[in-house]
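Asker: Pasted the sequence and its predicted model underneath.
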Amino acid sequence: MWALIQIELYKIFRRPRTYIAFAAIAALILTIQLGLKLDGEEYVDFMLSGLKQSFDFQGKILNGYLVCYIILQLLLIHVPLMIALIAADMISGEANMGTLRLLLTKPFSRTQLVLAKFFATSVYTLLLLIWMAALALFVSIWLFGTNDLFITKTYYAVQLRADDVFWRYMAAFGFAALSMLTVAALAFFLSNFANNSIGPIVATMSIIIFFTVLSTMNIPLYEKIQPYLFTSHMVNWKEFFDEKVDANNVPILGSVQDMHQISVSALVLVAHIFGFLGLSIWVFNKKDVLS
Amino acid sequence: MQNIISVSNLTKQFKNITAVNDLSFNVQQGDVYGFLGQNGAGKSTTIRMLLTLIIPTEGKIELFGMNLNSHRKEILRNIGAVIEKPDVYQYLSAHENLKMFARLSGMKISDKQLSEQIEMVGLSARAKDKVQEFSQGMKQRLGIAIALTHNPELIILDEPTNGLDPQGIADIRNLILHLSRERKKTILVSSHLLNEIEQIATRVLIIDEGKKMVEGTAEELFDPAQTLVELQTGDNVTAFAEVKNSLWKQYLQPQRNSNVLLKMPRNLLPEFNIWLVQQNIKVFSLQSRHSLEDYFLQVTSGKQHVGTYTN
């Protein structure tokens, strides 16, 4: 099994396509950072224009933590596409190349092959996220320094102390890993049904877009199904950037406003990952390999 | 002789199409087993069922005396296969592909052994090149090298000469003969190139529309009594009349072209030749046209699902 995993990883990282996602993420993040470095104060002024009439802001609002938050908000919608590029190709790509036939004549079970492939996909997904975290967080801190993180929510604003932010990013990236693994598991599952990767990639993105639209529409009928859609839970990494306040309305350092919601969302995502993986194993074991 | 492959009542149904229909056959140790059939006859489907790529609708498959369902891993460890196109990873070199598939077969293979394997199929000069730069023939040879890396007892080759030029076809034929005679491998080879099978197979199975038409040793199938003789003379009309009025008349066949056709035991050919000379018939050519192809066409065009010519 270990040999199988090593070989799957070897195949992923020997393909030029794999590095497209890493290059694209680097290009996007560096572009955002460059823009904010050159013209960031104006962007922050615009962001806070409504609040500046009521509040007096002191200190360095545009700092590495805020830049990272802006980047995550912008990119976590696009990263699923990068993940689908590889995950949706894991089985369909082999079918397209014809190598699936040769692979399945080797002495291991189909379940082992699916598990090894999914494990390798997960490693790729996590590495992509670590790459994103390194660029978005550490490079932003290096370029912009650190300070308190000030973010605006729909009806209120949150100010997190500088020494209370870093761990929230680590937790948020951990949660984002679950979200991205869910996308990877979906793309991987759809990969079972096609003989080239275009179909599963398009299908994965279509499902994510469709579910995201349903997740964000405040229509009573849709609100009933929203808790069951994984897309409703994928964005809950933001919950780590909200803190509790005590009876005197003073923020409690190191607290999270709605930890229960985060736990429920994490469980829903884990259930989806195992659900899609289980379905993949079932479908793949029943599959006649004709191509 | 031990049965290496034993297939009983194998059937595969794809929705409304029966690709393989109640097929049974045995391949014995040391056989070069020719699996013949027209395109769509069910050869590839059968081979894929032997390799667990396709799940049978009904029937039983045993390899090396073990049930394929319950001993899949042990069985596949002893099989090397090339299935139609030998598709490998285009972005890897021949050497890398070979090494990777050897590992997948559970083999730790040294670079020296890999080089020997590559040399055996004549790819030494291109071993480090990416496969995407290879011709179809080179890919086919690499596919065979991959199939042999783990030194399997049984080699299954599905249409191994597809897309190859005459030299490539000859190379594959020689390789199969080498594997059979020198390395004592059991080989199942499917093809629609009948003359190729005729040259290498020790036993032959012909299937059509998923059903067994006939099975037997090459000698049994190429029955000398079925030899078709085509006679071309200076005056075919006269020659035909002469034959018709002689004892050779019993072998005379309806004419398909201007030449005279007879079907006779092969050992009577010299005697027939002497008789023609004695009759002063100017013989331009006397060709024994018997081949597996004639037999194959005869069997498959009649669609007669006959029994087995076995020992």
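Answerer: Everything's here; your move.

Asker: for chain B, what's the longest helix?
Answerer: helix B:166-181 (DSSP state H).

Asker: Kindly export that helix (C-alpha atoms) in PDB.
Answerer: Extracted in PDB, the C-alpha atoms of helix B:166-181 (Å, rounded to 0.1, in the frame of the first residue of the first chain):
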ATOM      1  CA  PRO B 166       6.000  -5.400 -40.900                       C
ATOM      2  CA  GLN B 167       9.300  -5.300 -39.100                       C
ATOM      3  CA  GLY B 168       7.600  -4.500 -35.800                       C
ATOM      4  CA  ILE B 169       5.200  -7.400 -36.400                       C
ATOM      5  CA  ALA B 170       8.100  -9.700 -37.100                       C
ATOM      6  CA  ASP B 171       9.900  -8.500 -34.000                       C
ATOM      7  CA  ILE B 172       6.900  -9.200 -31.800                       C
ATOM      8  CA  ARG B 173       6.500 -12.700 -33.400                       C
ATOM      9  CA  ASN B 174      10.100 -13.500 -32.700                       C
ATOM     10  CA  LEU B 175       9.800 -12.300 -29.200                       C
ATOM     11  CA  ILE B 176       6.800 -14.400 -28.500                       C
ATOM     12  CA  LEU B 177       8.500 -17.500 -29.900                       C
ATOM     13  CA  HIS B 178      11.600 -16.700 -27.800                       C
ATOM     14  CA  LEU B 179       9.500 -16.300 -24.700                       C
ATOM     15  CA  SER B 180       7.700 -19.600 -25.400                       C
ATOM     16  CA  ARG B 181      10.700 -21.700 -26.500                       C
END
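
Asker: could you point out which element follows it?
Answerer: Counting by DSSP states H and E, the next helix or strand C-terminal to helix B:166-181 is strand B:186-191.

Asker: Mind giving me the packing neighbours of that following strand?
Answerer: strand B:17-28, strand B:32-36, helix B:43-50, strand B:154-158, helix B:166-181, helix B:194-200 (3 or more C-beta pairs under 8 Å, 6 or more residues apart in numbering or on different chains; DSSP states H and E). Any C-beta I mention is one placed from the backbone N, CA and C, and that applies to glycine too.

Asker: Just want the angle from it to strand B:17-28.
Answerer: 150 degrees (axes from the mean of the first three to the mean of the last three C-alpha atoms, to 10 degrees).

Asker: helices or strands next to the longest helix of chain B in the packing?
Answerer: Applying 3+ C-beta pairs under 8 Å, 6+ apart, one finds that helix B:166-181 makes contact with strand B:32-36, helix B:136-148, strand B:186-191, helix B:194-200.

Asker: how about 7 Å then?
Answerer: With contacts taken as 3 or more C-beta pairs under 7 Å, 6 or more residues apart in numbering or on different chains; DSSP states H and E, helix B:166-181 sits against helix B:136-148, strand B:186-191, helix B:194-200.

Asker: Where among these is average confidence lowest?
Answerer: The minimum mean pLDDT among the helices and strands packed on helix B:166-181 belongs to helix B:194-200 (a mean of 77).

Asker: hmm, back to that, mind checking which of the helices and strands packed on strand B:186-191 is nearest A:Met132?
Answerer: helix B:43-50 (42.1 Å; C-beta to C-beta).

Asker: Give the next helix or strand downstream of the closest one.
Answerer: According to DSSP H and E, the helix or strand after helix B:43-50 is strand B:58-63.

Asker: Check which residues of that next one are buried.
Answerer: B:59, B:61-63 (16 or more other C-beta atoms under 10 Å in any protein chain shown).

Asker: which one among these gets closest to chain A?
Answerer: B:Leu63 (12.2 Å; C-beta to the nearest C-beta).

Asker: What distance do you get for B:Pro86 to B:Ser135?
Answerer: Relative to B:Ser135, B:Pro86 is positioned 12 Å away (C-beta to C-beta, to the nearest Å).

Asker: Could you tell me how far stretch A:13-23 lies from the centre of the chain?
Answerer: Stretch A:13-23 sits 18 Å away from the centroid of its parent chain (C-alpha atoms, centre = their mean, to the nearest Å).

Asker: Tell me where the model's unsure across the stretch 151-291 of chain A.
Answerer: Along the stretch 151-291 of chain A, segments meeting pLDDT under 70 span A:291.

Asker: Which single residue in the stretch 51-200 of chain A comes nearest to chain B?
Answerer: Counting by C-beta to the nearest C-beta, the stretch 51-200 of chain A gets nearest to chain B through A:Gly98 (2.8 Å).

Asker: number of nearby residues for the residue in the stretch 201-311 of chain B positioned nearest to chain A?
Answerer: Minimum separation of the stretch 201-311 of chain B from chain A (C-beta to the nearest C-beta) falls at B:Gly210, amounting to 15.1 Å. Neighbour count for B:Gly210, taken as other C-beta atoms under 10 Å in any protein chain shown: 23.

Asker: correct me, but it touches B:Val20?
Answerer: Yes. Judged on C-beta atoms under 7 Å, B:Gly210 makes contact with B:Val20 at a distance of 4.4 Å.

Asker: show me where pLDDT drops low in the stretch 151-300 of chain B?
Answerer: Using pLDDT under 70, the stretch 151-300 of chain B drops low at B:219-220, B:222-226, B:256-257, B:289-300.

Asker: Which strand residues bridge the residue in it that chain A sits nearest to?
Answerer: The stretch 151-300 of chain B approaches chain A most closely through B:Ile156 (8.4 Å), counting by C-beta to the nearest C-beta. B:Ile156 has these beta-bridge partners by DSSP bridges: B:Ala81, B:Leu188.

Asker: who touches it in this structure?
Answerer: B:47, B:50-51, B:79, B:81, B:188 (C-beta atoms under 7 Å, 6 or more residues apart in numbering or on different chains).

Asker: picking up where we left off before, please report the distance of the residue of the stretch 51-200 of chain A closest to chain B from B:Ile83.
Answerer: 8 Å.

Asker: Just want to know which of those two has more residues nearby.
Answerer: Ranked by neighbour count (other C-beta under 10 Å), A:Gly98 and B:Ile83 place B:Ile83 first, with 25 against 17.

Asker: Ramachandran coordinates for that one?
Answerer: Backbone torsions of B:Ile83, given as degrees, to the nearest 10, read phi -110, psi 110.

Asker: so what secondary structure elements neighbour the helix ranked longest in chain A?
Answerer: Across chain A, the longest stretch assigned as helix under DSSP H is helix A:16-48. Counting contacts by 3+ C-beta pairs under 7 Å, 6+ apart, helix A:16-48 packs against helix A:64-75, helix A:79-87, helix A:110-133, helix A:140-144.

Asker: For the closest residue to chain A within chain B, which three-state class applies?
Answerer: Residue nearest to chain A within chain B (C-beta to the nearest C-beta): B:Asp87, separated by 2.8 Å. The three-state assignment at B:Asp87 reads coil, by DSSP: H, G, I helix; E, B strand; the rest coil.

Asker: Now do the strands for the stretch 151-291 of chain A: every range, in order, please.
Answerer: Secondary structure of the stretch 151-291 of chain A (DSSP state E, counting those that start in this stretch): strands at A:157-160.

Asker: What parts of it come near chain B?
Answerer: A:288-289 (C-beta under 7 Å from any C-beta of the partner chain).

Asker: Swap in 10 Å and give it another go.
Answerer: A:285-291 (C-beta under 10 Å from any C-beta of the partner chain).

Asker: Counting neighbours, which of the residues you listed end up buried?
Answerer: Buried by 16+ other C-beta under 10 Å: A:287, A:289, out of these.

Asker: Now that we have the residues of the stretch 151-291 of chain A next to chain B, can you turn them into TSV and tack on distance to A:Leu104?
Answerer: Below are these laid out as TSV (distance: C-beta to C-beta, whole Å):
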residue	distance to A:Leu104
A:Asn285	11
A:Lys286	13
A:Lys287	10
A:Asp288	11
A:Val289	6
A:Leu290	12
A:Ser291	12
